[in-house]
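Chemist: Below is the structure, and that's it, no one-letter string:
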């Protein structure tokens, strides 16, 4: 019979193989060709393909926003770059389009060079936050806007900073785009004010859009980032009705996207490992979500919001905040309902969420994420102590009768039926359930997998130091000390287990720790730390239980 140690090793070994295969697939899949940087991005009307004109609007209210944005009139090749800085972010706004071209997170370091800050929005991936009026009005992300003078840096004691841009639109409209930045916030308020200086009412539509080339960020040589790449990468839409809907880049390429198109609540965003950017329209408010590929290798996700009719001489306003920052659960929850779904904990989120909450509490006590992982490991071990004890008791009993099982195998080597019958009789006599240790291990496996995702997805562990040589719990142990110690504990634990009577199984179990330990050389240090502490605690518990059962060994020997 397969004992519990062999079962958990095979299960975790298979899970690790799956993780490695998925990571290899994502890292080595063919990349689409780089798109032309000159191709304009059309902004179609809601529910209408790009470039398709809409029906002529009713004469009472002009709705020019109901058709795609045409090619703009000749404009300067370059606009002015406005540099804005707060306590958390550094933003670069291009007046050609009034677009956020670059956004750096000042408290987060670049993945490949920790001397630099991390760039979330970047021209390297054509990752931009664009906005304007849909249709043929002209005040979109391809025309030149003029910037009003004002402060560009959030000074000490200043709570908010406003950057105002303006552009002339068709039909006698003047449009102002106002960016409002606030202290200690990754949320930027983006508002469009439309002043109607024409002769008839207008009902424009505003769009707020994220564009991306669909390429993963290159993380350098850190293999830990390979495992991180398993986190979701692509667009997402959230509504109260349908909840969280992922839209992978591959689905967009195939034209098989499945998400809510119309709603009165929710948000649309682009998600990557550790970070998210999302437009957050205020609810309740009609909006339409669209995710398209205007050209090969270039993608756009947008929310289109209709504005109420603006009479001549009046001004209309629509505001849609944007969150651009780390996947910190508290900030996400405060920014918008459902935004915390951006944290990718896999299919065991219901277990992962409370695990992370407990991890946070331990970090608040210790001030060190490595210590918090150790404390969480000890807590999980205490919770499952009765189950683990049952497993180790079963293994201890099996170890005591292993010589007798071996003798039975030799005695009935040519009659498998009699051998199995004799083994079952021995189990019955000794009151041993050969599968008694399996259930406790199976119950714990979902917790192990959930914690695996927590340690991989939690941005709090990114570049978080532990002790001495471990400067980043989300990266590899630079000197492989933890993986080596992990290998040693696995070898010791295997030697403490009963030797399978089957010679082939015995040889497999002998080399399994060395084969399995290879994976830990490619796991983030935080994950290896958890497994190492868990193994040490398991060894101590198993040693104590076996010591207790060894007292009964003479009694067994007389039978």
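Modeler: Done, it's in. This structure is a prediction, so every number in the text was calculated from the model and none was measured.

Chemist: Spell out which residues make up each domain of the protein.
Modeler: 4-21+353-557, 86-344 (automatic domain parsing).

Chemist: Return the backbone torsion pair for residue 176.
Modeler: phi -110, psi 130 (degrees, to the nearest 10).

Chemist: what number of residues lie near it?
Modeler: By other CB atoms under 10 Å, 19 other residues sit near residue 176. For glycine as for every other residue, the C-beta is placed from the backbone atoms N, C-alpha and C.

Chemist: Same check on residue 333?
Modeler: 12.

Chemist: Same check on residue 424?
Modeler: Using other CB under 10 Å, residue 424 is surrounded by 12 other residues.

Chemist: which SS state does it fall under?
Modeler: Following DSSP: H, G, I helix; E, B strand; the rest coil, the label given to residue 424 is helix.

Chemist: so what's it up against?
Modeler: Counting by CB atoms under 8 Å, 6 or more residues apart in numbering, residue 424 touches no other residue.

Chemist: roughly how far apart are it and residue 430?
Modeler: From residue 424 across to residue 430, the span is 11 Å (CB to CB, to the nearest Å).

Chemist: now residue 383
Modeler: Residue 383 is 30 Å from residue 430, by CB to CB.

Chemist: Which one of the domains of the chain lies nearest to residue 78?
Modeler: Nearest to residue 78 among the domains of the chain is domain 86-344; the distance by CB to CB comes to 6.4 Å.

Chemist: for the closest one, the distance to its chain's centre please.
Modeler: Put simply, domain 86-344 sits 19 Å off its chain's centre (CA atoms, centre = their mean, to the nearest Å).

Chemist: start to end distance for that domain?
Modeler: 28 Å (CA to CA, to the nearest Å).

Chemist: average pLDDT across that domain?
Modeler: Domain 86-344 shows a mean pLDDT of 93.

Chemist: Stretch 464-471 too?
Modeler: Rounded mean pLDDT across stretch 464-471 is 92.

Chemist: Name the residues of that stretch that are buried.
Modeler: 464, 466, 470 (16 or more other CB atoms under 10 Å).

Chemist: any idea how far residue 409 is from the second one?
Modeler: Relative to residue 409, residue 466 is positioned 47 Å away (criterion: CB to CB).

Chemist: neighbours around residue 288, how many?
Modeler: The burial count for residue 288: 18, using other CB under 10 Å.

Chemist: Helix or strand for it, just tell me which one.
Modeler: strand 287-295 (DSSP states H and E).

Chemist: which residues of the stretch 51-200 of the chain fall in strands?
Modeler: Using DSSP state E, counting those that start in this stretch, the strands assigned to the stretch 51-200 of the chain run over residues 81-85, 89-94, 99-109, 117-121, 128-133, 146-147, 160-168, 173-182, 187-196.

Chemist: Name the stretch among the ones you listed that sits most buried.
Modeler: Of those, the one with the most neighbours on average (mean count of other CB atoms under 10 Å) is strand 128-133, at a mean of 26.

Chemist: secondary structure element for the residue nearest the centre of the chain?
Modeler: Most central in the chain under CA atoms, centre = their mean is residue 344, positioned 3.7 Å from the mean C-alpha point. For residue 344, there is no enclosing helix or strand under DSSP H and E.

Chemist: what's near enough to touch residue 199?
Modeler: Here residue 199 is in contact with 172, 312 (CB under 8 Å, 6+ apart).

Chemist: what's it sitting at in phi/psi?
Modeler: The phi/psi pair for residue 199 (degrees, to the nearest 10) is phi -100, psi -10.

Chemist: I'd like the distance between it and residue 243.
Modeler: Residue 199 is 46 Å from residue 243, by CB to CB.

Chemist: ditto for residue 384
Modeler: 31 Å.

Chemist: These two: which has the busier surroundings?
Modeler: Using other CB under 10 Å, the more surrounded residue of residue 384 and residue 243 is residue 384, with 16 against 12.

Chemist: ranges for the helices of this protein?
Modeler: 4-28, 224-228, 249-254, 329-335, 349-366, 369-383, 385-411, 416-430, 438-457, 481-496, 503-517, 525-550, 553-557 (DSSP state H).

Chemist: Can I get those helices in a markdown table including distance to residue 172?
Modeler: As requested, these are exported to a markdown table (distance: least, CB to CB, whole Å):
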| stretch | distance to residue 172 |
| --- | --- |
| helix 4-28 | 51 |
| helix 224-228 | 51 |
| helix 249-254 | 38 |
| helix 329-335 | 36 |
| helix 349-366 | 51 |
| helix 369-383 | 58 |
| helix 385-411 | 74 |
| helix 416-430 | 90 |
| helix 438-457 | 50 |
| helix 481-496 | 68 |
| helix 503-517 | 72 |
| helix 525-550 | 59 |
| helix 553-557 | 97 |
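
Chemist: Least confident of the ones you listed, on average?
Modeler: helix 224-228 (a mean of 44).

Chemist: Now residue 319: closest residue in space that isn't a chain neighbour?
Modeler: Of all residues not flanking residue 319 in the chain, residue 191 sits nearest, at 3.9 Å (CB to CB, 6 or more residues apart in numbering).

Chemist: Could you check how far the one you found is from residue 239?
Modeler: Counting by CB to CB, the gap from residue 191 to residue 239 is 23 Å.

Chemist: State the phi and psi torsions of the residue nearest to the centre of the chain.
Modeler: Note on residue 344: its backbone torsions stand at phi -90, psi 100 [degrees, to the nearest 10].

Chemist: That one: what's it in contact with?
Modeler: Per CB under 8 Å, 6+ apart, neighbours of residue 344: 231-232, 271, 273, 453, 457.

Chemist: Determine which two of those are furthest apart.
Modeler: 271 and 453 (14.6 Å).

Chemist: mind listing what's buried in stretch 300-315?
Modeler: In stretch 300-315, counting by 16+ other CB under 10 Å, buried: 300-307, 309-310.
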